[in-house]
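Trainee: have a look; sequence and predicted model below, questions after that.
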Amino acid sequence: MHEEPVISRLVSHYGVTIIIADAQVSTNVPQHSCFHLQLRGTVSQIESALTYLDELDLEVLHQSSPEENGW
């Protein structure tokens, strides 16, 4: 539950493809909501997208090294 359209911006501003593998949304306690996302794109696109998430102060729980076509 964020004020900004986060997933939409990841696609439109950073050019990554998003696969929503799983989502657990809590309407009572939004801080406990989480999304399991797979990001696809170039290393540069993925790194920029991760920087954007960091700037929004969103917690990334599990992070792999970016590969050529996805993360």
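Mentor: Yep, it's here. Residues are numbered from 1 along each chain as shown.

Trainee: show me what the spatially closest residue to T17 that is not a sequence neighbour is bridged to.
Mentor: Spatial nearest neighbour of T17, chain neighbours left out: R40 (4.0 Å); criterion: CB to CB, 6 or more residues apart in numbering. All C-beta atoms are positioned from the backbone trio N, CA, C, and that covers glycine. Using DSSP bridges, the bridge partners assigned to R40 are T17, G70.

Trainee: is R40 in contact with V16, as I believe?
Mentor: Yes. Counting by CB atoms under 8 Å, R40 does reach V16; the two are 6.2 Å apart.

Trainee: out of these two, which sits in the busier spot?
Mentor: Each of R40 and V16 has its neighbours counted (other CB atoms under 10 Å); V16 has more, 23 against 15.

Trainee: roughly how far does the nearest residue to H32 once chain neighbours are set aside sit from V6?
Mentor: Among residues not flanking H32 along the chain, S26 sits closest, at 4.5 Å (CB to CB, 6+ apart). Applying CB to CB, to the nearest Å, the value for S26 to V6 is 16 Å.

Trainee: and what of G41?
Mentor: Distance from G41 to V6, by CB to CB: 16 Å.

Trainee: again with S33
Mentor: Counting by CB to CB, the gap from S33 to V6 is 12 Å.

Trainee: same deal with Q45?
Mentor: For Q45, the distance to V6 - CB to CB - is 15 Å.

Trainee: tell me which of these two has more neighbours.
Mentor: Taking other CB under 10 Å, Q45 and V6 do not tie; Q45 has more neighbours (19 against 16).

Trainee: from H32, how far out is the more buried one?
Mentor: 29 Å.
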